[in-house]
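Q: I'll drop the sequence and a predicted model, then ask my questions.
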Amino acid sequence: MISTPNRLPQHMKNAFVILILGFVGFSCETKKEETAKPEPITIGDITRSEICRASLDGLSKGDIDSFVGPMADNAVYVFNNGDSLVGKE
């Protein structure tokens, strides 16, 4: 019998079906994994956020002295328009 190029032999069809069933069987297996409980995140002390809030409130009111108060003596702050503050002078 002459086989046509469009047809697979029967043993190839059986192997293909077994392979597909094997993939389905392995993919349907459900394993219950225990997820690790994440530790709580500590971002920073609340006093630091209060210092930043007070500093930015001073800047919004135009009080530069209260804005640069928490900064170091040689701090450089560059505004987005190109102006800058250098130190606490």
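A: In hand now; what should we look at?

Q: From here on, just use CA atoms for contacts and neighbour counts.
A: OK.

Q: Sketch out the low-pLDDT regions of this protein for me.
A: Applying pLDDT under 70 to the chain flags residues 1-8, 29, 89.

Q: report the longest helix in it, please.
A: helix 10-27 (DSSP state H).

Q: Distance from that helix to the middle of the chain?
A: 40 Å (CA atoms, centre = their mean, to the nearest Å).

Q: Could you do stretch 30-40 as well?
A: Between the centre of stretch 30-40 and the centre of its host chain there is 19 Å, according to CA atoms, centre = their mean.

Q: how far away is Ile43 from Ala54?
A: Distance, Ile43 to Ala54, by CA to CA, to the nearest Å: 19 Å.

Q: Restricting to C-alpha, output the longest helix of the chain in PDB.
A: C-alpha atoms of helix 10-27 as PDB (Å, rounded to 0.1, in the frame of the first residue of the first chain):
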ATOM      1  CA  GLN A  10      -1.000   4.500  13.100                       C
ATOM      2  CA  HIS A  11       1.800   4.000  15.700                       C
ATOM      3  CA  MET A  12       2.700   7.800  15.300                       C
ATOM      4  CA  LYS A  13      -0.900   8.700  16.000                       C
ATOM      5  CA  ASN A  14      -0.900   6.500  19.100                       C
ATOM      6  CA  ALA A  15       2.400   8.000  20.300                       C
ATOM      7  CA  PHE A  16       1.100  11.500  19.700                       C
ATOM      8  CA  VAL A  17      -2.200  10.800  21.600                       C
ATOM      9  CA  ILE A  18      -0.200   9.300  24.500                       C
ATOM     10  CA  LEU A  19       2.100  12.300  24.600                       C
ATOM     11  CA  ILE A  20      -0.800  14.800  24.600                       C
ATOM     12  CA  LEU A  21      -2.500  12.800  27.400                       C
ATOM     13  CA  GLY A  22       0.700  12.800  29.400                       C
ATOM     14  CA  PHE A  23       1.000  16.600  29.100                       C
ATOM     15  CA  VAL A  24      -2.600  17.000  30.200                       C
ATOM     16  CA  GLY A  25      -2.100  14.700  33.100                       C
ATOM     17  CA  PHE A  26       1.000  16.600  34.300                       C
ATOM     18  CA  SER A  27      -0.600  20.000  33.800                       C
END
